[in-house]
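[1] any chance you can model this:
(one chain, ligands or ions: 1)
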Amino acid sequence: MRYQEIINDICHGLYQDPPKGEVASYIPELAKVSPDHFGVAMVTQTGDYFASGDAEQRFSIQSIAKVLSLTLAYQHLDGKLWKRVGVEPSGTPFNSLVQLEREEGIPRNPFINAGAIVVCDVLIGLLKDPVNDLLKFVRSLSGNETINYNPVVAASERSEGYRNLALTNFIRSFGNIHNDLDDVLDLYFNLCSLEMNCQELAETFFFLANDGVTRAGKRILTRSQTKRINAIMLTCGFYDEAGDFAYRVGLPGKSGVGGGIVAIHPEEYVIAVWSPPLNPKGNSARGVAFLEAFTTLTASSIF
Ligand code: GLN
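    Numbering: from 1, shown residues only. From the prediction side, this is the model:
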């Protein structure tokens, strides 16, 4: 497959004529990022690497990190985790409160904010030093010790984090948060502040394309658990745009409001894209357009 040539061609077209979008501004630090960045990196299961543009510049991975916190909690609890959080698409925006009242504080899935906050609460119950232990886990996925939280971004989000505070209090009122609210939110804001570049993202998520085993040969999840995380990414990875992403791109994936998207083709490749301007559903406008063209031109979706 001529992956590099295809990536170059699509990027060229999307530099000339980028789809419209807005850089996230509700987290003040994210509003400072240039809308012009555009990077792509891809690693195949056999270890070939392809990249274009700003593939080596780090950015705030935001909600993409929710896959990593989920993976760690799932590794410890397996199916018992689903007593605290569901696996159904929400059909609502990432920061919505509406379903929680009717569903008594059990978030629909681990990728909406409510679900990721519950997963952080679960991790606090499992880990001795949650903030550091989670970082160690993330580093172990790629073998990259330089990956880190960005404390300025975490503080910036905390300063305007009224909705996440409301979600945490509301879930607590139903008894589905067990730990101190500040500790839970501290872990959540740190998680969202993780920074990586496209190349590092592709390396970190490699295990999901490789039946649960990292590039260095370390088993993270069983084959069956890996299938399930990919299934949740396919059905819930893009909030109320998950159906449209599956329809247009046809891969499991996860987005973040920093403009990143990771998509997985199980047993084939991982591809990461970064372009900060978001569409109205909070997903990278150029990232989605790139991936749609990529799976079309390479004829490589899971369907
Ligand atoms: N940190 C962001 C928030 O809680 C994450 C949202 C996202 O990336 N979709 O609002």
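
[2] all helices of the stretch 101-250 of the chain, in order?
    In chain order, the stretch 101-250 of the chain shows helices spanning 113-126, 130-142, 151-159, 162-173, 181-192, 198-204, 206-209, 223-236, 242-248, with DSSP state H, counting those that start in this stretch as the criterion.

[3] with mean pLDDT added, can I get those helices in TSV?
    Output for the helices of the stretch 101-250 of the chain, formatted as TSV (pLDDT from 0 to 100):
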stretch	mean pLDDT
helix 113-126	98
helix 130-142	98
helix 151-159	97
helix 162-173	97
helix 181-192	98
helix 198-204	98
helix 206-209	98
helix 223-236	98
helix 242-248	98
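
[4] Cys290 and Gly21, how far apart?
    Residue 290: Phe, not Cys. Counting by C-beta to C-beta, to the nearest Å, the separation of Phe290 from Gly21 is 13 Å. C-beta coordinates here come from the backbone N, C-alpha and C atoms, glycine included.

[5] neighbour count: those two, which is higher?
    Neighbour comparison, Phe290 and Gly21: the larger count goes to Phe290, with 27 against 21 (by other C-beta atoms under 10 Å).

[6] tell me who's in contact with the residue positioned nearest the centre of the chain.
    Using C-alpha atoms, centre = their mean, the residue of the chain that lies closest to the mean C-alpha position is Ile64, 1.4 Å off. Going by C-beta atoms under 8 Å, 6 or more residues apart in numbering, Ile64 touches 201, 254-256, 258, 260-262.

[7] among the residues you listed, which one sits closest to the ligand?
    The shortest distance between the ligand and any of the contacts of Ile64, using C-beta to the nearest ligand atom, involves Gly256 and amounts to 3.9 Å.

[8] which residues sit in contact with the residue lying closest to that closest one once chain neighbours are set aside?
    Taking C-beta to C-beta, 6 or more residues apart in numbering as the measure, Gly256 lies nearest to Gln62, with 3.2 Å between them; neighbours along the chain are not counted. Under the criterion of C-beta under 8 Å, 6+ apart, the contact partners of Gln62 comprise 30, 192, 256-258, 260.

[9] so which of those are in helices?
    When these are checked against helices (DSSP state H), the matches are Cys192.
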